[in-house]
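Undergrad: here you go, sequence then predicted model.
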Amino acid sequence: MEQSQLNWITGYIWGIADDVLRDLYVRGKYRDVILPMTVLRRLDAVLERSKKDVLDMKDTLDKAGVVEQDPALRQAAGQSFYNTSKFTMRDLKARANRQQLKADFEAYLDGFSPNVQDILDNFEFRNQIPRLSKADALGTLIEKLTSPEINLSPAPVLNGDDTVKHPGLDNHGMGSIFEELVRKFNEENNEEAGEHWTPRDAVRLMAKLIFLPIAHEIESGTYLLYDGACGTGGMLTVAEETLQQLAKEHGKAVATHLYGQEINAETYAICKADLLLKGEGEAADNIVGGPEHSTLSNDAFPSREFDFMLSNPPYGKSWKTDLERMGGKKEMRDPRFVIEHAGDPEYSLITRSSDGQMLFLANMLSKMKRNTRLGSRIAEVHNGSSLFTGDAGQGESNIRRWIIENDWLEAIVALPLNMFYNTGIATYIWVLTNRKPDHRRGKVQLIDATRWYQALRKNLGKKNCELGGADIQRVCDAFLAFEETEESKIFDNTTFGYWKVTVERPLRIEGTDPNRVYKPAEIKKLKETGVRSEDAPPVIRKIHRKGTAPAPLCGLFRATVNGKPAVVEYEPDTDLRDTEQIPLNENGGIEAFLQREVLPHAPDAWYVPDTVKTGYEISFTRYFYKPQPMRTIEEIRADILALVKETGGLLGEIMGAAMT
């Protein structure tokens, strides 16, 4: 079917909302009725031909006492869904009695298969029926959707002379119409719905970033795609289309299976419905969702591994409830978030409870294929906080460390501002794989694509720009070229790592004895009542055995105690305690840094090696910062003279008056 006809059908359905629901619902709630009714009409139209076969099969199964009827009824319908009620939607439109129509419509809904029931329940569509019935709008909706003026059936509508009045609508066309309706409703209600709707330009870029580098390596076979925060399913379907197209271009035949999880009930219903409408019943069955199905606390696919994964998780959103369900930070045992790394058998990836976005990335990394030639490829959208939030040893930093030290991070792409519907903040695409090509090993590429966009003629919420085809190609070209340019920077993995080192200095209290060891209780009293002085001797808390080698930078100092040489430890003064962030690629390591940067100013300073923590952060703006050249004196003078001239000498008069 031509795009113009698809646009006309979309416009017709959109018009039904204005015609029928204007006085019943605010505009933001039209979708609560129109989306499920559109789904029902399409499913109904697809099932019309097999209606008798399904009813006959149902009768046979009932008489035989078969309990598990779903597979047989699907087979009778020739679809992944069915309806066992005696009604079609066309049967319902001629009811004169409002109450009878309501009862028959509810019976019609009850006849749908469990997967459709799941969609209706998550749309909460049955809650709308009393209002629609009371206002006598239910019959009008049915009449308009079954009108001869519109065809949502795969079969063509014929004129009396057997010519085609309306061509049949295939699954792809129906999916396009449904996605366009969802987009239009989301734009009408962008602040809320933007949470679940990633702009298609961003999705197309993400899909290309995970597929293009291995396009020539794709073999005929089956590939699994996953989105742990799938929203309305757009990422999965765009990724599927991209993979199928690339495979076709390379002469390969691939089968794809889609898997997703979504906590928002309505959004989950839209996703599942969209897949059913496209004829992807098996994929619809692999979408799990609803309020009880949080990806973080209730992983729907704990034993699955996937070839390709894409996601736009919620950012800046609390996951405190999930954390409590999982036992809190101390009792957390989820193997996705408490792992073994860097010699730590309980290495924690648990982030602050105020923002769980990086846990969605950790969830996907736990599902990578480890025993296949291509492994797994991942693209995920984050805001800027994922680059730097979290101190060394905290969850966010630990996730970055885990990723980079495993050499999984290929690239991060900075997107233009105001690309998303409900936020104008900076956003970034992280691209990861556990099969880096040789030329990328040990390296991370940062791409600044913030200036590659085209402006929208009309803002959509906070979205005022988009990635055009040329912009997407430009990003992909920079990514594939893997070269240093003004917008593409390449770094060693260690560039982003650092040691967080606590620097100590000794406690010095007036009147202390430099020839004795002070006990903990005595030290406590000294801290409470003593007078600190830089000229006082340091307080000794321990004298080491003979033979202990001095190591001043590690807190083991040479001293003379009662006239004898000794190696001692001093009590640290917490008021003088400081921390240093030392790059992992520091020439000479921690001690060289301290000798150069700290000891010239504090020769009695030391650090405790056991307390050193390793952290990672990615200061994107620092790497792409372009200092503005300072203006010359001549330019400043010219501006001042121009201002004087513009004000007609007023500035001179004011200054003259001030001088007298």
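TA: All right, it came through fine.

Undergrad: got phi/psi on Asp573?
TA: Phi and psi for Asp573, reported as degrees, to the nearest 10, are phi -100, psi 110.

Undergrad: and Ile378, what are its bridge partners?
TA: Under DSSP bridges, the beta-bridge partners of Ile378 are Met309, Leu432.

Undergrad: now do the SS call for Gly375.
TA: Following DSSP: H, G, I helix; E, B strand; the rest coil, Gly375 is assigned to coil.

Undergrad: from Thr295, how far out is it?
TA: Computed as C-beta to C-beta, to the nearest Å, the Gly375 to Thr295 distance reads 22 Å. Every C-beta, even on glycine, is put in place using the N, C-alpha and C of the backbone.

Undergrad: the two: which has the busier surroundings?
TA: Using other C-beta atoms under 10 Å as the criterion, Gly375 and Thr295 rank with Thr295 on top: 28 against 17.

Undergrad: wait, a helix at that one?
TA: No. Under the criterion used here (three-state DSSP), Thr295 is coil, not part of a helix.

Undergrad: my read is that it contacts Tyr259, right?
TA: No. Assessed by C-beta atoms under 8 Å, Thr295 is found out of contact with Tyr259, at 11.5 Å.

Undergrad: wait, a strand at His382?
TA: Yes. The assignment for His382 (three-state DSSP) places it in a strand.

Undergrad: tell me the predicted confidence for it.
TA: pLDDT, His382: 94.

Undergrad: in the sheet, who's paired with it?
TA: Tyr428.

Undergrad: just the strands in the stretch 501-650 of the chain please.
TA: 540-543, 557-561, 564-570, 578-583, 606-607, 613-616 (DSSP state E, counting those that start in this stretch).

Undergrad: what comes up buried for the helix or strand harbouring Leu132?
TA: Per DSSP states H and E: Leu132 is located in helix 129-134. For helix 129-134, burial by neighbour count (16 or more other C-beta atoms under 10 Å) applies to 132-133.

Undergrad: contacts for it, please.
TA: With contact meaning C-beta atoms under 8 Å, 6 or more residues apart in numbering, helix 129-134 is reached by 24, 33, 98-99, 101-102, 105-106, 138, 141.

Undergrad: do you know how far the closest residue to Ser353 other than its chain neighbours is from Gly228?
TA: Distance criterion C-beta to C-beta, 6 or more residues apart in numbering; nearest residue to Ser353, sequence neighbours excluded, is Lys320 at 4.2 Å. In this view, Lys320 and Gly228 are 19 Å apart by C-beta to C-beta.

Undergrad: doesn't Leu275 make contact with Asn171?
TA: No. Shown here, Asn171 and Leu275 do not form a contact pair, counting by C-beta under 8 Å, at 9.9 Å.

Undergrad: which of these two has more neighbours?
TA: Leu275 (26 against 16).

Undergrad: part of a helix, is the more buried one?
TA: Yes. Assessed with three-state DSSP, Leu275 lies in a helix.

Undergrad: now the helices for the stretch 101-250 of the chain?
TA: Secondary structure of the stretch 101-250 of the chain (DSSP state H, counting those that start in this stretch): helices located at 114-123, 129-134, 138-145, 171-188, 190-193, 200-211, 234-249.

Undergrad: Ile404 is nearest to which of the ones you listed?
TA: In terms of C-beta to C-beta, the element of these nearest to Ile404 is helix 200-211, at 18.3 Å.

Undergrad: helices or strands up against that closest one?
TA: Helices and strands touching helix 200-211, by 3 or more C-beta pairs under 8 Å, 6 or more residues apart in numbering; DSSP states H and E, are helix 234-249, strand 308-311, strand 377-383, strand 409-414, strand 427-433, helix 469-481.
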